[in-house]
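1. pasted the sequence and its predicted model underneath.
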Amino acid sequence: SHISHFLLTEILLPLLKSTAAQDDSDVRIVNVTSIYHTRVKVESFVGKESFSKDYGDTLSGHLYVYGVSKLANILHIKHLQAQLNSESARITCLAVHPGTVRTTGVQRFFDSIRFFGWFLQKVVEPIWFVSWTQGAMTSAFAAAGKETKRKMYEGAYLTPVGKISKPSENAMDERLRNELYETTKEVLKEMGL
């Protein structure tokens, strides 16, 4: 999911910058991520091979890929905020973890687990998972909250509800941030985008 977020942002960036230059503007870029980014460790994003690592066709392998993509979303936001600040563009970039949300994907996953899935739905889900409405609160806060205009929110990682939190060490790594940016640009160039 990182490349699509990156490309959309790059396409919209000229418009966002011109809007940010207007008086009383409040421009924000919000990427949804996940606390699951803390469960992965990435050594490098150098070269397009780093985007196609195989972590196996298992649940843990798929979750690892998910975690890496969510780490990439945070690194992108942090890189973008630093770039925009260096250009004096008045744009706030935020990465948002919405919480553990009861989505249709979660429902399908639980339905796919024979017997134990029923237990997860009836016992675990009500305790650990939040509704779609509750899950949207932090994203809505990041996109429209008056408080997020303050400088302290630039490049921030938010957890429910609207709390500035510290992401993983990998998510704070400037080297990884720059490697990801360069490799993403390389991949998009090869794709003709």
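-> Received, thanks.
2. please make it C-alpha for all contacts and neighbour counts, starting now.
-> OK.
3. contact partners for the most centrally placed residue in the chain?
-> Among the residues of the chain, the one closest to the centroid is Thr33, at 2.8 Å (Cα atoms, centre = their mean). If a contact means Cα atoms under 8 Å, 6 or more residues apart in numbering, then Thr33 has 70-71, 73-74, 95-98 as its contacts.
4. state the helix or strand in which the residue nearest to Ile164 when sequence neighbours are not counted lies.
-> Spatially, and ignoring its direct neighbours in sequence, Ile164 is nearest to Leu158 (4.7 Å; Cα to Cα, 6 or more residues apart in numbering). Leu158 is part of strand 156-159, with elements assigned from DSSP states H and E.
5. which elements pack onto that strand?
-> Contact analysis of strand 156-159 by 3 or more Cα pairs under 8 Å, 6 or more residues apart in numbering; DSSP states H and E lists strand 91-96, helix 132-144, strand 163-165 as its packing neighbours.
6. buried stuff in it?
-> Buried positions in strand 156-159, judged by neighbour count with 16 or more other Cα atoms under 10 Å: 156-159.
7. now, which of the residues you listed sits nearest Val130?
-> Thr159 (13.2 Å; Cα to Cα).
8. per-residue pLDDT of that closest one, please?
-> pLDDT recorded at Thr159 is 95.
9. report the beta-bridge partners for it.
-> Lys163 (DSSP bridges).
10. got the contact list for it?
-> Counted by Cα under 8 Å, 6+ apart, Thr159 has contacts 96-99, 138, 165.
11. which of those residues lies closest to Thr183?
-> So of those, ranked by how close each gets to Thr183 (Cα to Cα), first place is Val96, at 23.3 Å.
12. in the helix ranked longest in the chain, what's buried?
-> If you go by DSSP state H, the chain has its longest helix at helix 59-86. Going by neighbour count (16+ other Cα under 10 Å), the buried part of helix 59-86 is 63-81, 84.
13. now stretch 167-181
-> 167-168, 170-172, 176-181.
14. just the terminal-to-terminal distance for that stretch.
-> Terminal residues of stretch 167-181 are spaced 19 Å apart (Cα to Cα, to the nearest Å).
15. next one: stretch 84-91
-> First-to-last residue span, stretch 84-91, Cα to Cα: 7 Å.
16. what mean pLDDT does it have?
-> In this model, stretch 84-91 carries a mean pLDDT of 96.
17. report the angle between the axes of the helix or strand that contains Val106 and helix 132-144?
-> If you go by DSSP H and E, Val106 is part of helix 104-112. Computed with axes from the mean of the first three to the mean of the last three Cα atoms, to 10 degrees, the direction of helix 104-112 lies at 150 degrees from that of helix 132-144.
18. helices and strands around helix 104-112, which ones?
-> Using 3+ Cα pairs under 8 Å, 6+ apart: helix 104-112 touches helix 116-119.
19. and the helix it packs on, what's buried?
-> Gly117.
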